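Q: Okay, predicted coordinates and the sequence, questions at the end:
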Amino acid sequence: MKRQDVVIFARTYDSKNDEGKVVQVGEIHILSKKQALSNEDGVSNGHKIAQIEVPFDLAQKIIGQVPAVCDIEYEITVVNSALILLPRNVQVIKEIESLNILEETDYISTFGR
């Protein structure tokens, strides 16, 4: 499955696997679609951030280019009886240069909402 998302953060780091061996891994943070949720405690509105562990080389490839609008190819897998989307390929389409989101609105709105 392929879709376009805004990646706002990427990093690499060392971690220990199940056998205790140090391995290099990556992490990206993806901005969700805008949400409006309500429950008995109130209403929330905005964007959640998904923090996703990815292969080291995938994160390393886009460090220095994020935040950016990216084509992300996901692989669907089962983990603990739940379907999980794992990014397998990330291609930067357009770096977001400005901290002023109003300057980016026209460009970002051209991508499917």
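A: Structure received. Numbering: from 1, shown residues only.
Q: Only the buried residues of stretch 3-19, if you could.
A: In terms of neighbour count (16 or more other Cβ atoms under 10 Å), stretch 3-19 has its buried residues at 5, 6, 7, 10, 12. Just so you know, the C-beta spots here come from the backbone N, C-alpha and C atoms, and that holds for glycine as well.
Q: can those residues go into JSON lines with extra columns for secondary structure, pLDDT and distance to residue 54?
A: As requested, these are exported to JSON lines (DSSP: H, G, I helix; E, B strand; the rest coil; pLDDT from 0 to 100; distance: Cβ to Cβ, whole Å):
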{"residue": "5", "secondary structure": "strand", "pLDDT": "90", "distance to residue 54": "13"}
{"residue": "6", "secondary structure": "strand", "pLDDT": "92", "distance to residue 54": "16"}
{"residue": "7", "secondary structure": "strand", "pLDDT": "93", "distance to residue 54": "10"}
{"residue": "10", "secondary structure": "strand", "pLDDT": "95", "distance to residue 54": "8"}
{"residue": "12", "secondary structure": "strand", "pLDDT": "96", "distance to residue 54": "9"}
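Q: any idea which of those residues is closest to residue 61?
A: residue 10 (8.6 Å; Cβ to Cβ).
Q: these two touch, right, that closest one and residue 66?
A: Yes - contact criterion Cβ atoms under 8 Å: residue 10 and residue 66 qualify, at 5.1 Å.
Q: any common contacting residues for these two?
A: residue 28 (Cβ atoms under 8 Å, 6 or more residues apart in numbering).
Q: which residues does the spatially most central residue of the chain contact?
A: The residue lying closest to the centre of the chain (Cα atoms, centre = their mean) is residue 30, at 2.5 Å. When contacts are counted by Cβ under 8 Å, 6+ apart, residue 30 touches 5, 6, 7, 8, 49, 50, 52, 72.
Q: Can you give me the separation between the second one and residue 69?
A: When you say that, I think you mean residue 6. With the distance defined as Cβ to Cβ, to the nearest Å, residue 6 ends up 6 Å from residue 69.
Q: repeat for the fifth one
A: In this structure, residue 49 and residue 69 are 16 Å apart, going by Cβ to Cβ.
Q: what do you get for the first one?
A: Residue 5 sits 8 Å away from residue 69, going by Cβ to Cβ.
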